[in-house]
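Engineer: need a 3D model of the sequence below.
(one chain, ligands or ions: 1)
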Amino acid sequence: MPLYSHSRLGTYENCPFQYKLRYVDRVKPALGNSIESFMGRMVHDALEWLYKLARDSNVVSKDSLLNKYDQLWIDNWQDDIRVVKKDLTAENFKQTGSNCLEMYYERYHPFDQAITIGLEERMMIDLPEDKKMQGYIDRLDKLGDGHLAVHDYKTSNRVPPQAKADQDRQLGLYALAVHQRYPEVEKIDLVWHYVRFDEEIRSSRTQAQLDKMVDSTVSLIKNVEAATERRDFPTKISILCDWCEYKPQCPEFSHQFASKSDMPTLDTANMTAAQAAETVDKLVELKDKKKSMSADMDAMISTLENKLIDYSKESGHRSVFGSDYKASFRESDGIKIPDRKDLRRYELESTLREMKLWDDLQEMSAYRLKSKLKSGDWSSEQKTAILKYMDTDSSTSVSLKKL
Ligand code: SF4
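Structural biologist: A predicted model of the protein is given here:
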C-alpha cells in the first residue's frame, strides 16, 4: 500500500505525468533542482540547526546562524541547480535566504516562545479505507498543557490570503496527525512563517473541517489509485513546467532538448531532431509568407473591384463582361447603430421605447432595424425620428457569374 504525502498528492494535482515519472516509474530527473527549492531547503536546515541548539540552551548569535547558512549552501551546492527566472542569479537567491534568516532571527530571538518538542518530525496519518499518509513537521511546539503549535517555514515569494490558509491541506493533515498521536491535546495552532516577508499566518481546524479534509483527501487518493491502475497519467502544461526537473523526459518538451543534440532520437526517424526544429522554422516562414501574400491579393482585388465600380457608374453599364465571367454590381444602403460608448445609442433606444417600437425589435439589431425601416410598418415621421440617431452608408458589392 503506497504511503502518500501532501507533496506527492500535490504533484499528481499539478501534473499526473510528472507524478508517474517520480512516484510510479521512479525515474531519475534529467534536470537538477531549482534554485528556489534549494534555497528553501537551506533556510529550513539552518532553522532546524538553530532550534536544535536552542532546545539545549545554546542560543547562537545571528552571525553564527548566517555563517551556518553560508556553509550549508557551499556544502550542498550542486552545479546542475537551475536558475529559471531571468535577471536573477544564484547569488541573489542566496542573499534572499540570508535576509529571511536575519529577519526571522530578529523577530523571534531568543527562541523561547514555547518548548520545542519536535524538529523535522515525521508524522504518520491514518485515513479511512486503510489509506496512509506521512509528513514532516518543520517544528512542533508546546505552548501549555494540551496546547501545541505546528510551525511551517515558507520561502515562497507570495503570502496567501487567510482564507487559503484556512483551507490548506498540508497543515490540516499535520493537525490531524498531531490529534492522532496526542489524543489528549485540546488545541492545535497552525502557524506559517512566510520568512521572505517577516509574516506569520495562523489558523486552526475544527473537527468538521478536519472531517471534510479527510473526505476530499481520501477521494483524491482513490483518483490517484484509479489512474495508476489504468496507467492514465496525462501531461498538464502550466507555468510550473519551467521548474519541472523532468522537462527533457516529458513528451511536451522533449524535442526542445533533443534538437540541441546531433544524435538521432529514433532509429527509424526520417529526420533528426535538429532537422525537425528547422522544419518548424520553415513552416512558420511559409505561413507568414502566405498571410502577407493573401493580404496583398486582397488589396489588389479591392483595387480592381473599385475600378470596375467606378467604370460601371461612369458608363452606366450595370454588368461588365469578361471572357468567361460577367461582373455585376449591387448597391446597398446600410445603417450603422452607434456603438455603446456613443450617447446616441441610448437616445435611439429611448426614442424607440417612447414611440412604443421597441417591442417590434426586442434588441438593438442593425438587421432588424433595417428591415423595419424598409417595411411599411412604421410611419415616415417615426422613421425620420429614428434615423436621426443612426449613421447611414451605402456600398457597392461586385459579384462574378460564369457566362
Ligand atoms: S514539463 Fe510540465 S507537462 Fe511535462 S511533466 Fe513536467 S510539469 Fe508535466
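Engineer: can we go C-alpha only for contacts and neighbour counts from here?
Structural biologist: OK.
Engineer: get me the contact residues on the stretch 1-150 of the chain for the ligand.
Structural biologist: 15, 17-18 (CA under 6 Å from any ligand atom).
Engineer: ok, and what's touching stretch 217-235?
Structural biologist: 9, 12, 15-20, 24, 127-129, 131, 250, 252 (CA atoms under 8 Å, 6 or more residues apart in numbering).
Engineer: before we move on, the earlier item: whichever of the residues of the stretch 1-150 of the chain next to the ligand end up buried, select them in PyMOL.
Structural biologist: Buried members of those, defined by 16 or more other CA atoms under 10 Å, are picked up in PyMOL with:
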select buried, resi 15+17+18
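Engineer: just the residues of the stretch 1-150 of the chain next to the ligand: which are in helices?
Structural biologist: Counting by DSSP state H, the part of these found in helices is 17-18.
Engineer: redo the residues of the stretch 1-150 of the chain next to the ligand as JSON lines? Include pLDDT.
Structural biologist: Shown next, in JSON lines, are these (pLDDT from 0 to 100):
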{"residue": "15", "pLDDT": "97"}
{"residue": "17", "pLDDT": "97"}
{"residue": "18", "pLDDT": "98"}
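Engineer: coming back round to it: can you name the two of the contacts of stretch 217-235 that are farthest apart?
Structural biologist: Largest separation among the contacts of stretch 217-235 by CA to CA: 128 and 252, giving 36.7 Å.
Engineer: more crowded one of those two?
Structural biologist: Counted by other CA atoms under 10 Å, residue 128 and residue 252 do not tie: residue 252 has more neighbours, with 13 against 10.
Engineer: secondary structure class for residue 328?
Structural biologist: Following DSSP: H, G, I helix; E, B strand; the rest coil, we place residue 328 in the strand state.
Engineer: what's across from it in the sheet?
Structural biologist: Assessed by DSSP bridges, residue 328 has beta-bridge partners residue 319, residue 399.
Engineer: next, count neighbours for it.
Structural biologist: Residue 328 has 19 nearby residues by other CA under 10 Å.
Engineer: now swap in residue 162 and tell me
Structural biologist: The number of residues near residue 162, taken as other CA under 10 Å, comes to 12.
Engineer: go on, the one 4 residues further on?
Structural biologist: A count of neighbours around residue 166, defined by other CA under 10 Å, yields 17.
Engineer: that one and residue 206 touch, don't they?
Structural biologist: No - in this structure residue 166 lies outside contact range of residue 206 using CA atoms under 8 Å: 10.4 Å.
Engineer: put together CSV for the residues of the stretch 1-150 of the chain next to the ligand, with distance to residue 94 on each row.
Structural biologist: Putting those into CSV (distance: CA to CA, whole Å) gives the following:
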residue, distance to residue 94
15, 29
17, 31
18, 28
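Engineer: what does the pLDDT read for residue 361?
Structural biologist: For residue 361, the pLDDT comes out at 80.
Engineer: again, but for residue 388
Structural biologist: Residue 388 is given a pLDDT of 85.
Engineer: now do the one 10 residues further on
Structural biologist: Predicted confidence (pLDDT) for residue 398: 94.
Engineer: my guess is it contacts residue 303, does it?
Structural biologist: No - with contact defined as CA under 8 Å, residue 398 does not reach residue 303; the gap is 11.9 Å.
Engineer: comparing the two, which residue is more hemmed in?
Structural biologist: residue 398 (16 against 12).
Engineer: stretch 21-40: which residues count as buried?
Structural biologist: 21-22, 29, 31, 33-36, 38-40.
Engineer: farthest-separated two in those?
Structural biologist: Going by CA to CA, the pair spanning the buried residues of stretch 21-40 furthest: 21 and 39, at 24.1 Å.
Engineer: tell me if residue 142 really is in a strand.
Structural biologist: Yes - Residue 142 forms part of a strand when assessed by three-state DSSP.
Engineer: show me the beta-bridge partners of the nearest residue to it once chain neighbours are set aside.
Structural biologist: The spatially closest residue to residue 142, leaving aside those adjacent along the chain, is residue 148, at 4.5 Å (CA to CA, 6 or more residues apart in numbering). Under DSSP bridges, the beta-bridge partners of residue 148 are residue 142, residue 188.
Engineer: list the contacts for residue 148?
Structural biologist: Per CA under 8 Å, 6+ apart, neighbours of residue 148: 140-142, 185, 187-189.
Engineer: between the residues you listed, which is closest to residue 116?
Structural biologist: Looking across those and measuring by CA to CA, the closest to residue 116 is residue 141, at 4.5 Å.
Engineer: quick check: the closest one vs residue 362, distance?
Structural biologist: 68 Å (CA to CA, to the nearest Å).
Engineer: the more surrounded of these two?
Structural biologist: When residue 141 and residue 362 are compared for neighbours, residue 141 comes out ahead with 19 against 9, by other CA under 10 Å.
Engineer: for the residue nearest to the more buried one when sequence neighbours are not counted, helix, strand, or coil?
Structural biologist: Take residue 141 and drop its neighbours on the chain: the residue closest to it by CA to CA, 6+ apart is residue 116, 4.5 Å away. Applying three-state DSSP to residue 116 yields a three-state assignment of strand.
Engineer: residues contacting residue 116?
Structural biologist: Going by CA under 8 Å, 6+ apart, residue 116 touches 51, 55, 139-142.
Engineer: highest neighbour count among those residues?
Structural biologist: residue 140 (24 neighbours).
Engineer: just confirm it contacts residue 119, I think it does.
Structural biologist: Yes - using CA under 8 Å, residue 140 is in contact with residue 119, at 6.5 Å.
Engineer: residues contacting the residue in the stretch 201-350 of the chain positioned nearest to the ligand?
Structural biologist: Nearest residue of the stretch 201-350 of the chain to the ligand, counting by CA to the nearest ligand atom: residue 241, 3.7 Å away. For residue 241, the contacting residues are residue 247, by CA under 8 Å, 6+ apart.
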